[in-house]
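K.L.:
Structure for this input, please:
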Amino acid sequence: MDRQSAINTLEKHHSAQIYQPEDYYHHVVNADGQFLGTYIPYIGEHYFSTKPRVLIYAMAQNLARATGLIKAWHNKPDEGMFRQYYHSEKLHVSIHPYDTGHLKIIAALVLSVYPSTNYSSNENVHNKIAITNFVKFSFYREGKNGQRLDTNPPSGIYDAMWENYCKYEIELLKPDVIVGVGNDLAQAIKRNLNHEVKMLKIPFPGRLNLNSRYIPEGKRLIENGYNHMVNIARIQELVQGTPDKDKKIAKAIKTDWYYFREMETCFKKALSKPLK
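P.N.:
Residues are numbered from 1 along each chain as shown. Got it, this is the predicted structure:
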């Protein structure tokens with residue numbers, strides 16, 4: 001399987017699915033009654049030649065306040081099917097924790113600690129991995145004055161996403177490692193996964209989680225004399241080949257080095273164990 005063949009195959013499969021979330025949930029994000037369809041994963045140019053193949057699943061897009069963006073995607077010839085490719089030259093795939101740099105660093109950590117990896121730190125990690133959202137649709141909740149606010153997907157939708165989209169994505173992409181971002185989707189993958197593939201669950205790298213847990217822990221270490229610059233330098237070295245024109249990767253490393261240190265420790269432990 002090559003990249004373009006995989007893209008074409010995913011397009012045909014996802015286009016053929018008849019699942020419409022608005023038939024089951026009333027709070028699916030739409031723009032003036034227009035519901036966005038599904039989209040295919042972003043596949044890096046060298047994904048299929050990389051060892052290990054890493055597939056990252058984030059949770060879902062948050063488009064409650066993005067009416068203009070929804071309309072713009074609707075007006076595209078593909079109606080948004082390829083929206084994870086629209087800004088790939090900028091290393092953006094419309095997934096916030098990836099576009100901020102956090103999941104690029106996570107990918108580099110996984111690639112670097114995997115036994116028999118062929119990843120080199122001078123390579124662009126964006127070309128090496130595949131990434132998408134597990135839940136292909138956005139949801140909202142009612143805020144004050146009727147405003148729409150982002151909210152997590154309903155728990156019941158995860159198995160539907162697996163049956164209609166994600167199972168096929170995994171079968172086609174044949175990853176060696178799947179990174180699940182957040183507890184709900186990681187549990188959904190574990191519940192359904194029957195492939196010989198490593199599953200790594202990571203806490204969602206959102207500011208609320210990072211500011212309340214990981215940043216305070218890192219500060220305590222520094223106050224006790226810990227030299228965190230060693231960690232920063234190591235992480236920077238691992239992504240030196242990944243372009244960072246907007247400095248978001250550098251900012252993520254500087255701010256959230258402790259989070260990445262903890263994730264790397266978990267990855268080393270998990271990837272050293274044989275599959276059950």
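
K.L.:
where does the residue nearest the centre of the chain fall, phi/psi-wise?
P.N.:
Nearest to the mean C-alpha position of the chain, counting by Cα atoms, centre = their mean, stands Ala58 at 3.5 Å. Phi and psi for Ala58, reported as degrees, to the nearest 10, are phi -80, psi 180.

K.L.:
So it sits against His102, correct?
P.N.:
No. If you go by Cβ atoms under 8 Å, Ala58 and His102 don't touch, sitting 10.1 Å apart. Bear in mind the C-beta positions are built from the backbone N, C-alpha and C, glycine included.

K.L.:
Each with direction, which strands does the strand or helix carrying Ile56 pair with?
P.N.:
Per DSSP states H and E, Ile56 falls inside strand 54-60. Taking DSSP bridges as the criterion, strand 54-60 forms sheet pairs with strand 130-135 (parallel), strand 177-181 (parallel).

K.L.:
With mean pLDDT and distance to Leu10 as extra columns, can I get the ones you listed in JSON lines?
P.N.:
Formatted as JSON lines, those follow (pLDDT from 0 to 100; distance: least, Cβ to Cβ, whole Å):
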{"stretch": "strand 130-135", "mean pLDDT": "98", "distance to Leu10": "10"}
{"stretch": "strand 177-181", "mean pLDDT": "97", "distance to Leu10": "16"}
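
K.L.:
and those as CSV, adding distance to Val197?
P.N.:
As requested, the strands paired with strand 54-60 are exported to CSV (distance: least, Cβ to Cβ, whole Å):
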stretch, distance to Val197
strand 130-135, 13
strand 177-181, 6
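
K.L.:
Which strand or helix spans His13?
P.N.:
Element membership for His13, per DSSP H and E: helix 3-16.

K.L.:
if we look at the strand holding Ile56, which residues are touching it?
P.N.:
41, 95-98, 103, 106-107, 110-111, 128-139, 152-153, 166, 169-170, 173, 175-182, 184-185, 189, 204 (Cβ atoms under 8 Å, 6 or more residues apart in numbering).

K.L.:
check contacts around the spatially closest residue to Leu91 that is not a sequence neighbour.
P.N.:
Leaving aside its sequence neighbours, Leu91 sits nearest to His126 (Cβ to Cβ, 6 or more residues apart in numbering; 4.7 Å). The contact partners of His126, taken as Cβ under 8 Å, 6+ apart, are Gly44, Ser88, Leu91, Lys104, Thr242, Pro243.

K.L.:
Quick check: His46 touching Lys128?
P.N.:
Yes. The pair His46 / Lys128 is scored as a contact, 5.5 Å apart, by Cβ under 8 Å.

K.L.:
So for those two, which sits in the more crowded spot?
P.N.:
Lys128 (25 against 15; other Cβ atoms under 10 Å).

K.L.:
which non-adjacent residue is nearest the more buried one?
P.N.:
Leaving aside its sequence neighbours, Lys128 is closest to Thr50 (4.6 Å, by Cβ to Cβ, 6+ apart).

K.L.:
okay but Lys254 is in contact with Asn231, surely?
P.N.:
No. At 10.6 Å, Lys254 and Asn231 do not qualify as touching, with contact defined as Cβ under 8 Å.

K.L.:
The two: who's more crowded?
P.N.:
Asn231 (18 against 14).

K.L.:
returning to that earlier point: identify those among the contacts of strand 54-60 that sit within helices.
P.N.:
96-98, 103, 106-107, 110-111, 169-170, 173, 184-185, 189 (DSSP state H).

K.L.:
where along the stretch 151-276 of the chain do the helices fall?
P.N.:
157-161, 167-173, 183-192, 207-209, 215-223, 229-238, 248-271 (DSSP state H, counting those that start in this stretch).

K.L.:
Please spell out which residues along the fifth one are buried.
P.N.:
Okay, so that is helix 215-223. Neighbour counts over helix 215-223 (16 or more other Cβ atoms under 10 Å) mark Ile215, Gly218 as buried.

K.L.:
Thanks a lot, see you next time.
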